[in-house]
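Undergrad: Could you work out the structure for the sequence below:
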Amino acid sequence: MKNDYATFIEEDTLTLERILPGSIEQVWACLTESDHKGKWLSGGDIEPEVGGKVTHHFDNQTFSEEHEPTPEKYSDMPEQVTMYGEVLAWEPYSLLSYTWEEGDGNSSEVIFKLSEVENEMVKLILIHTKVPDSKDFKVGVSAGWHTHLNILRNVLEGRKPGGFWSVHMPLEAEYEERLYG
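TA: Reported below is the predicted structural model:
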């Protein structure tokens, strides 16, 4: 869908929006509870309070029954990575924000805003601020969030997602064209 694409609303801030099926409580659980979060983004706990610890256990191979090799571009990254952050905002069913490690000693911020829309649907707005100013980074982050949010939609619809890399890598090519022409 055209509106599924990330856009940079400022030089270092991207945003994506999705209309997701289910109740706002279901979507909140997917953002905050390890067993639900692990099906689309990463396993790991989020302590439910401002200042709480955020743990992400990433393993993109777990989203699908299809095992895909890590692409050459990402061959220096381990298949399983753990990252930590800190909860900056915790307002159940409407707002979640936390820091996001960037791997270079810096951190950015990820913000999820939720609101109910008609017919058991939820509007999710994702904002990622302080994205490092690097072409590869911006392209990768855009394609990564796009892919992860598509997986979240599949999970909420009860569909099995395809392989992470077979979706992510073509999206990287699209984002490179969209962002840098």
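Undergrad: how about the helices of the chain, start to end?
TA: 24-32, 34-37, 135-157, 164-180 (DSSP state H).
Undergrad: So which of those helices is nearest P48?
TA: Closest to P48 of those, according to CB to CB: helix 24-32, at 7.0 Å. Every C-beta, even on glycine, is put in place using the N, C-alpha and C of the backbone.
Undergrad: ok, now which ones touch the residue minimising distance to the centre of the chain?
TA: Most central in the chain under CA atoms, centre = their mean is W145, positioned 4.1 Å from the mean C-alpha point. Listed by CB atoms under 8 Å, 6 or more residues apart in numbering, the contact partners of W145 are 6, 14, 16, 126, 128.
Undergrad: now, which of these sits nearest N106?
TA: H128 (13.3 Å).
Undergrad: Count the residues that sit near that closest one.
TA: 21 (other CB atoms under 10 Å).
Undergrad: and what of E11?
TA: E11 sits with 8 neighbouring residues when counted by other CB under 10 Å.
Undergrad: Isn't it up against P132?
TA: No: using CB atoms under 8 Å, E11 makes no contact with P132, being 10.8 Å away.
Undergrad: if I look at the two, which residues touch both of them?
TA: With the criterion set as CB under 8 Å, 6+ apart, the contacts of E11 and P132 do not overlap.
Undergrad: If we only consider the contacts of W145, which is nearest to P71?
TA: Closest to P71, out of all of those and judged by CB to CB, is A6, at 19.6 Å.
Undergrad: Give me the nearest residue to that closest one, chain neighbours excluded.
TA: Once flanking residues are discounted, A6 sits nearest to S142: 4.1 Å by CB to CB, 6 or more residues apart in numbering.
Undergrad: What of G52?
TA: Closest to G52 by CB to CB, 6+ apart is V87, at 4.1 Å.
Undergrad: Ok, H168 next?
TA: Per CB to CB, 6+ apart, closest to H168 is T147, 4.5 Å.
Undergrad: again, but for F112
TA: Using CB to CB, 6+ apart, the closest residue to F112 is L96 (4.6 Å).
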